[in-house]
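[1] Show me the folded form of this:
(one chain, ligands or ions: 1)
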Amino acid sequence: MAAVRNKFLVSRESSLFVSAASLRLRLDWFNKLRWGAAAGILVAVMVTNVYLSQSLPLIPLLVTTGVLLLLNLGYVVRNQRLAPKDIDAELRLVKLQMVGDLLVLTTLLNLTGGVENPLLYIYVVHVMLASLLFKGSEIYQIAWLAIFLFTAEVMGEYLGVLPHHHLLSAGGLTHELPFISVSLASFWMVMLFCAYMGASIMKHNRAIKDELVEQQAELVKADKAKMDFFRFVTHEVKSPVNTAQSAVETALELGSGKMSPAVEDMLTRAVRRMQQATEIVKDLADLTRGGMLKKENLQVVDLSRLVDRLATRLRDVAHRSGQEIVLQVPEDPVVITTNLSMVDKIITNLVSNAVRYNKDGGQVDVKLTSERKVVLLKVADQGIGIAPEDQPHIFKEFFRTAEAQKKTNLGTGLGLAIVRKFVDDLGGSLKLESEVGFGSTFTVSLPRVSGKAIAPKGDKRTMS
Ligand code: ADP
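    The predicted structure follows:
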């Protein structure tokens, strides 16, 4: 394990970004930053020229800002047109962008006083950004490029190779060698120190990220192995259980009145147990069914109507133990684009659990609320509740609390595992609040469009 981890730490492939898409998000953010920088430059140029009677070379400044705007437009259009695929290709491009930014910054500084301009420390921001994106030597490359460009600019002005635009607020000595030397020395020091800090902090972060990615990959592998095993068991057990159940049911039917009460009782109990086995097989089939969240399985669902329909279906069972299911749904349709059978299963499992573990004569509240980006479904009962130490386990397969087992032996221990898996698959979240003896509240939050990445542009309009 340690060897594997070390391999990860020194791996050339190691990058802060898990995917090209996550890097692209960062690049989109940089593009926004660049728009802001260009706007800031324009405002600063106007303000200094109009209000501070400082005559800066307006046309070259506007041309340089225009170049920055055009470059950024190019980056934005490229990001919109080309999907992120390859981290290395994205990183190569971002290096080029950074070189372009440094050239623009150096030109702007040359037009606004050079070493006299306190904004020269914007170079530091570039080194910090580089340390977010690149690794060790690459961060130093950016730092050294910035040092080279700025030193060349300052010396160019000093030696008269480049024009100098004196800032009114700067003193006369700022163009003398002692001032220039001290400024450049501190500039070099700050840049190299930033590169060092950035490189070491990010090295540490990357090591943590690599370890987390490795652990997550192991978890995913273990989860897949578990699901494969469940799928195999379901497949192997399904037909023998079905055959045995129908054989015993037929035997009961044919032999009704002809067999001894003891045999009839035994066969009836066998049927009941096989019904339980069938329930487990059905739940396992639900849990292990893959690919439910495909484009073609998404449809527009009115959740208010669905909740109403499912609650009506479970009302008879609730009435048998004197319970009431109270619905609170908005009057307007609550419409989401999702997989109907997955949402149906989530609601059915939560409401039937609430009824099953409620106190006799208790109430089950089912509340649906519609928010801007998500819809919330709250299912609350007044039943046995779940002890804090059991709460982390109830979403695991086959886990049933001792209290639940005492209350009923009807239950597979798979309902909540299915709920958790389906909510995850749909891109939602799940919350549990519970107090022993007072009841439990499960809150599901579902996005308006499930599995956003695969949602079709022209949704299938099928109302539930
Ligand atoms: P089961 O078929 O046993 O109900 P689930 O996976 O649906 O399986 O639930 C797992 C366990 O979580 C239950 O056995 C029970 O211990 C607990 N549980 C689920 N819902 C509730 C609830 N509303 N109130 C109390 N306990 C609950």
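
[2] next one: phi and psi at S370?
    phi -110, psi 120 (degrees, to the nearest 10).

[3] That one reaches P330, doesn't it?
    Yes - counting by CB atoms under 8 Å, S370 touches P330, with 5.6 Å between them. For glycine as for every other residue, the C-beta is placed from the backbone atoms N, C-alpha and C.

[4] so where's the stretch 1-150 of the chain shaky on pLDDT?
    1-18, 52-54 (pLDDT under 70).

[5] repeat that for 90
    Along the stretch 1-150 of the chain, the model assigns pLDDT under 90 to residues 1-30, 41-42, 44-58, 79, 82-94, 112-121, 129, 131-138.

[6] where along it do the helices fall?
    Using DSSP state H, counting those that start in this stretch, the helices of the stretch 1-150 of the chain run over residues 2-10, 20-50, 58-81, 87-111, 122-133, 136-158.

[7] And the stretch 151-300 of the chain, by the same measure?
    Under DSSP H, counting those that start in this stretch, the stretch 151-300 of the chain gives helices at 177-254, 261-288.

[8] what distance separates the strand or helix carrying V351 from the centre of its chain?
    V351 belongs to helix 340-356 when assigned by DSSP states H and E. The chain centre lies 25 Å from the centre of helix 340-356; the measure is CA atoms, centre = their mean, to the nearest Å.

[9] list the helices and strands it packs on?
    strand 299-302, helix 303-320, strand 363-370, strand 374-380, helix 415-425, strand 439-447 (3 or more CB pairs under 8 Å, 6 or more residues apart in numbering; DSSP states H and E).

[10] Minimum distance to the ligand: which of the ones you listed has it?
    Nearest to the ligand, of all these, is helix 415-425, at 2.6 Å by CB to the nearest ligand atom.

[11] Just the buried residues of that closest one, please?
    G415, L416, A417, I418, V419, R420, K421, F422, V423 (16 or more other CB atoms under 10 Å).

[12] got a list of contacts for it?
    283, 286-287, 292-293, 342-343, 345-346, 349-350, 352-353, 394-397, 429-430, 442, 444, 446, 450-451 (CB atoms under 8 Å, 6 or more residues apart in numbering).

[13] cool, and stretch 362-379?
    Under CB under 8 Å, 6+ apart, the answer for stretch 362-379 is 303-304, 307, 311, 318, 323-330, 332, 334, 336, 346-347, 350-351, 354-355, 358, 380-383, 428, 439, 441-448.

[14] Would you list the buried entries among these?
    303-304, 307, 311, 318, 323, 325, 329, 334, 336, 346-347, 350-351, 354-355, 358, 380-383, 428, 439, 441-448.

[15] Can you name the residues of the stretch 201-350 of the chain that neighbour the ligand?
    N349 (CB under 6 Å from any ligand atom).

[16] Count residues in the vicinity of L159, would you?
    Counted with other CB atoms under 10 Å, residues neighbouring L159 total 8.

[17] And for P118?
    Neighbour number of P118 under other CB under 10 Å is 11.

[18] same thing with F30?
    Neighbour count for F30, taken as other CB under 10 Å: 17.

[19] Check A38 too.
    20.

[20] Flag the shaky bits of the stretch 251-400 of the chain, pLDDT-wise.
    In the stretch 251-400 of the chain (pLDDT under 90), the answer is 255-259, 288-298, 331-332, 372-373.

[21] before we move on, the earlier item: so can I have TSV of the helices and strands packed on helix 340-356 showing distance to K85?
    Putting the helices and strands packed on helix 340-356 into TSV (distance: least, CB to CB, whole Å) gives the following:
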stretch	distance to K85
strand 299-302	30
helix 303-320	36
strand 363-370	37
strand 374-380	30
helix 415-425	25
strand 439-447	25
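
[22] Which of the ones you listed sits closest to L184?
    L184 lies closest, by CB to CB, to one member of these: strand 439-447, at 53.6 Å.

[23] That closest one - contacts with which helices or strands?
    Applying 3+ CB pairs under 8 Å, 6+ apart, we find strand 439-447 packed against strand 335-338, helix 340-356, strand 374-380, helix 415-425, strand 429-435.

[24] If I look at A404, what pLDDT would I see?
    Note on A404: pLDDT of 95.

[25] Check which helix or strand it maps to.
    helix 402-407.

[26] these two touch, right, A404 and G411?
    Yes - using CB under 8 Å, A404 is in contact with G411, at 6.5 Å.

[27] Output stretch 166-185 as CSV - backbone C-alpha positions only.
    Only the C-alpha atoms of stretch 166-185 are listed here, as CSV (Å, rounded to 0.1, in the frame of the first residue of the first chain):
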residue,chain,number,x,y,z
HIS,A,166,6.7,58.7,-15.7
LEU,A,167,3.9,58.5,-13.0
LEU,A,168,3.1,61.9,-11.5
SER,A,169,3.0,60.5,-8.0
ALA,A,170,6.4,58.8,-8.3
GLY,A,171,9.5,60.6,-7.0
GLY,A,172,12.4,61.6,-9.1
LEU,A,173,14.7,58.9,-7.8
THR,A,174,12.6,56.0,-9.0
HIS,A,175,14.4,56.0,-12.3
GLU,A,176,17.8,55.8,-10.6
LEU,A,177,19.9,52.6,-10.4
PRO,A,178,19.8,52.2,-6.5
PHE,A,179,15.9,52.3,-6.5
ILE,A,180,15.7,50.0,-9.5
SER,A,181,18.1,47.5,-8.0
VAL,A,182,16.3,47.4,-4.6
SER,A,183,12.9,47.1,-6.3
LEU,A,184,14.1,44.3,-8.6
ALA,A,185,15.8,42.5,-5.8
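
[28] for it, what is the average pLDDT?
    78.

[29] could the helices of the stretch 1-150 of the chain go into CSV alongside distance to the ligand?
    Formatted as CSV, these follow (distance: least, CB to the nearest ligand atom, whole Å):
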stretch, distance to the ligand
helix 2-10, 35
helix 20-50, 34
helix 58-81, 44
helix 87-111, 40
helix 122-133, 43
helix 136-158, 49
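
[30] In TSV, list these along with distance to L267.
    Below are the helices of the stretch 1-150 of the chain laid out as TSV (distance: least, CB to CB, whole Å):
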stretch	distance to L267
helix 2-10	56
helix 20-50	59
helix 58-81	68
helix 87-111	64
helix 122-133	70
helix 136-158	74
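
[31] Out of those helices, which is closest to R269?
    Nearest of the helices of the stretch 1-150 of the chain (CB to CB): helix 2-10, 52.7 Å.

[32] The buried residues of helix 415-425 also near the ligand: which ones?
    Within the buried residues of helix 415-425, those near the ligand by CB under 6 Å from any ligand atom are G415, L416, A417.

[33] what does the stretch 351-464 of the chain have sitting close to the ligand?
    The stretch 351-464 of the chain comes close to the ligand at residues 353-354, 357, 381, 383-386, 394, 399-401, 404, 411-417, 440, as judged by CB under 6 Å from any ligand atom.

[34] Need the buried ones from these selected in PyMOL.
    To isolate the buried subset of these in PyMOL, counting by 16+ other CB under 10 Å, use the following:
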select buried, resi 353+354+357+381+383+384+385+386+394+400+401+404+411+412+413+414+415+416+417+440
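
[35] All good on my end, thank you.
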